[in-house]
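**Student:** sequence plus predicted model, see below.
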Amino acid sequence: MGRIPLVRRRRTSFLPKHGAYAMGLLSGESPVEFEKLHRDLIAEHSPNGVLEEDIVWTMARILWRKRHMHTFGACRRAWERYDQIELRHRSEIGKRLMDERIIHSRSLSDEFPPEERRELSEKVEREAREELGDDYKFIEAGKDATLNSIMERFDVEARLDAMLDGCLKRLLHLRGIKSLSSPSPRLLPRPDRDEAA
């Protein structure tokens, strides 16, 4: 059954493309608290170099998500309620249009006429904003704020990390081979203490 998208929902209207969004934070989560966690992990692990810094950054994001799993529950509930509101209004408008013989039952899954699409969007947005209150921020964020979306991003990052690990292993292996095959540097004789005196 093809579902008609109401409106193009703003994907991350509450977060810029950098800053909190780049940190992987969701609406209502504190960038200041995340930065403190990141700094604490840096102090604990003392990363040295780009790769180590990236590992600590990833650790911070994963630990943050683990500590803030409750956010996904609120997000899921908001989306479930939003979908219920949308379905009810869609059904009401669809029945009205069938009664007015504007559309046939077989075309309910097709797109409504523009005026009805606008009406549907306005009704759903108004009711959802009123009913969801502060949790409407998850709807404004779009599906990026859902657990599935976050886990998809972590899955992609895990695959990229595995590729980086493979490259790093190859690099270290090659360096090891080169160090065995290259001549060792000449050792300089140590001056005796007696000669220095």
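**Tutor:** Alright, I've got the coordinates. Numbers count the residues shown, from 1 in each chain.
**Student:** need the nearest residue in space to the residue nearest the centre of the chain, chain neighbours excluded.
**Tutor:** The centroid of the chain falls nearest to Ile150 when counting by Cα atoms, centre = their mean (4.1 Å). Of all residues not flanking Ile150 in the chain, Arg65 sits nearest, at 6.6 Å (Cβ to Cβ, 6 or more residues apart in numbering). Every C-beta, even on glycine, is put in place using the N, C-alpha and C of the backbone.
**Student:** and the strand or helix carrying Ala60, average pLDDT?
**Tutor:** Assigned by DSSP states H and E, Ala60 belongs to helix 50-67. Averaging pLDDT along helix 50-67 yields 89.
**Student:** could I get the buried residue list for it?
**Tutor:** Within helix 50-67, the residues that count as buried by 16 or more other Cβ atoms under 10 Å are 55-57, 59-61, 64-65.
**Student:** wait, Glu76 sits on Thr146?
**Tutor:** Actually, residue 76 is Arg. It isn't Glu. Yes - with contact defined as Cβ atoms under 8 Å, Arg76 reaches Thr146; the gap is 7.0 Å.
**Student:** those two - which one has more neighbours?
**Tutor:** Taking neighbours as other Cβ atoms under 10 Å, Arg76 and Thr146 compare with Thr146 leading, 18 against 15.
**Student:** please identify which helix or strand holds the spatially closest residue to that one that is not a sequence neighbour.
**Tutor:** Nearest non-adjacent residue to Thr146, counting by Cβ to Cβ, 6+ apart: Cys75, 5.9 Å away. For Cys75, the host element (DSSP H and E) is helix 70-99.
**Student:** residue ranges in this protein under the pLDDT threshold?
**Tutor:** Counting by pLDDT under 70, the low-confidence segments of the chain come to 1-23, 101-110, 144-145, 183-197.
**Student:** just give me the longest helix of it.
**Tutor:** helix 147-181 (DSSP state H).
**Student:** now do stretch 147-158: distance to the chain's middle.
**Tutor:** 7 Å (Cα atoms, centre = their mean, to the nearest Å).
**Student:** to clarify, my last question referred to stretch 86-97.
**Tutor:** Distance, centroid of stretch 86-97 to centroid of chain: 33 Å (Cα atoms, centre = their mean).
**Student:** ok, stretch 171-183 next?
**Tutor:** So, by Cα atoms, centre = their mean, the centroid of stretch 171-183 is 39 Å from its chain's centroid.
**Student:** can I get the CA coordinates of that stretch in PDB?
**Tutor:** C-alpha atoms of stretch 171-183 as PDB (Å, rounded to 0.1, in the frame of the first residue of the first chain):
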ATOM      1  CA  LEU A 171      50.800  -0.500   6.600                       C
ATOM      2  CA  LEU A 172      52.300  -1.900   9.800                       C
ATOM      3  CA  HIS A 173      53.000  -5.300   8.200                       C
ATOM      4  CA  LEU A 174      54.800  -3.500   5.300                       C
ATOM      5  CA  ARG A 175      56.800  -1.400   7.700                       C
ATOM      6  CA  GLY A 176      57.800  -4.500   9.700                       C
ATOM      7  CA  ILE A 177      59.000  -6.200   6.500                       C
ATOM      8  CA  LYS A 178      61.000  -3.100   5.400                       C
ATOM      9  CA  SER A 179      62.600  -2.900   8.900                       C
ATOM     10  CA  LEU A 180      63.800  -6.500   8.600                       C
ATOM     11  CA  SER A 181      65.200  -6.100   5.100                       C
ATOM     12  CA  SER A 182      66.900  -2.700   5.500                       C
ATOM     13  CA  PRO A 183      70.400  -2.500   6.900                       C
END
